[in-house]
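Student: everything below, folded, please.
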Amino acid sequence: MGDFSADSITVEMLREAHETVRCSPLDVIRTPMISWCQTTLPLNISGQIHIKLENMQRTGSFKIRGVANQFARRPKGGRFVTMSAGNYGKTFAYACKHYISKGKVVMPETAPISRSALIQRFGVEVERVPTPRLMDVVNRCVQEDGMTFLHPYDDPDLIAGHASLGFEILDFIAHPDVVVVCCGGGGLLAGVAAAIKLSGCENTRIYGVEPEGGVLPYELCQRYVEEIVLVTDEEIKSAVSTLYTAGLVVEPSGTAAFAAIVNNRIPDIDDKNVVVILSGGNIGRDELNNFSD
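Tutor: Numbers count the residues shown, from 1 in each chain. Down below sits the predicted model:
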């Protein structure tokens, strides 16, 4: 992963990042963890299942954890560029405004215009380009404009910041049997898995869940994650609707771990202590209408 190896990631490094995130001026929230039985969600499993409500995080997703650590380790007032279609770009823009840094988000032109407008409201420039040209434009900004590239998922500081979510889980349940994590780029999965495994929970089974069609080659995931399981688009759509009916607003990608649980993708969880992460809540009312039954 990037220019570092799994061997270079230590629990001390992750704990230091956790403290950085906890004390960040970006006001990262220590999000609630609730028991499944405290909700009206349907469940056909016997066991203690807990839901980590990262959809209630500031800026609407877990991304702020990694961004808080990234920006804490860069010069204040720097000039940064990234590429993102959504949550990372929004959080990056929020951090740029706070740190009085010049920022630019290179966004695929297929992303909704509303997302560009949201990022621009933080005072960050947006350049929309065809998806195959994203890295070309980032490289141009680095070489011609002297900007620093902040990677949206493949960055050791970002991953170490995401590990703070793993430590919060352990503060609530010292030795969980199973932890189920949504994964897109893999940064959250890598950080949470490393934090839990390196804290002495060698027997905790950690599963990453993503929509069909994705592959995660990351060394940290290969080392610390039991398995990557897949859910279908229909299962994701149903999960958004089910959660919303129970009063939980969760974006499609943020429901993957939940979808895996309710569709029996995770083996041997009866009578186990299980943690399920809802990783983001950035979904508009217009989008929610598309997911209603």
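Student: which elements pack onto whatever helix or strand I51 lives in?
Tutor: Taking DSSP states H and E as the definition, I51 sits inside strand 48-53. Secondary-structure packing of strand 48-53 (3 or more CB pairs under 8 Å, 6 or more residues apart in numbering; DSSP states H and E): strand 33-35, helix 156-172, strand 273-278. (Each C-beta comes from the backbone N, C-alpha and C, glycine too.)
Student: what's around K104, how many residues?
Tutor: Neighbour count of K104, defined by other CB atoms under 10 Å: 24.
Student: report the beta-bridge partners for it.
Tutor: Following DSSP bridges, K104 is listed with bridge partners V81, E125.
Student: do you know the pLDDT at it?
Tutor: If you check K104, the pLDDT there is 98.
Student: repeat that for the one 3 residues further on.
Tutor: For M107, the model assigns a pLDDT of 97.
Student: before we move on, what about M1?
Tutor: 40.
Student: equivalent analysis for the one 5 residues further on, please.
Tutor: pLDDT, A6: 77.
Student: now swap in D293 and tell me
Tutor: Model confidence at D293, given as pLDDT, is 54.
Student: who touches the strand holding I51?
Tutor: The contact list for strand 48-53 (CB atoms under 8 Å, 6 or more residues apart in numbering) reads 31-36, 39, 43, 165, 168-169, 172-173, 248, 258, 261, 269, 272-278.
Student: need the strands for the chain, in chain order.
Tutor: Listed in chain order, the strands of the chain (DSSP state E) span 33-35, 48-53, 79-83, 102-108, 125-129, 148-149, 178-182, 205-211, 227-231, 273-278.
Student: for S61, which non-adjacent residue is spatially closest?
Tutor: Nearest residue to S61, sequence neighbours excluded (CB to CB, 6 or more residues apart in numbering): G280, at 3.4 Å.
Student: still on that earlier bit, pull up the pairing partners for the strand holding I51, direction included.
Tutor: Strand 48-53 has the following strand partners under DSSP bridges: strand 33-35 (antiparallel), strand 273-278 (parallel).
Student: now the end-to-end length of stretch 32-47.
Tutor: Start-to-end span of stretch 32-47 (CA to CA, to the nearest Å) is 19 Å.
Student: actually stretch 115-124, sorry about that
Tutor: 12 Å.
Student: cool, and stretch 221-231?
Tutor: Taking CA to CA, the first and last residues of stretch 221-231 lie 18 Å apart.
Student: give the buried residues for it.
Tutor: 221, 224-225, 228-229, 231 (16 or more other CB atoms under 10 Å).
Student: and the lowest-mean-pLDDT helix or strand in the chain, how far out from the chain middle?
Tutor: Every helix and strand in the chain was compared by mean pLDDT, DSSP states H and E; the lowest is helix 285-289, with a mean of 76. Offset of helix 285-289 from its chain centre (CA atoms, centre = their mean, to the nearest Å): 21 Å.
Student: done for today, thanks.
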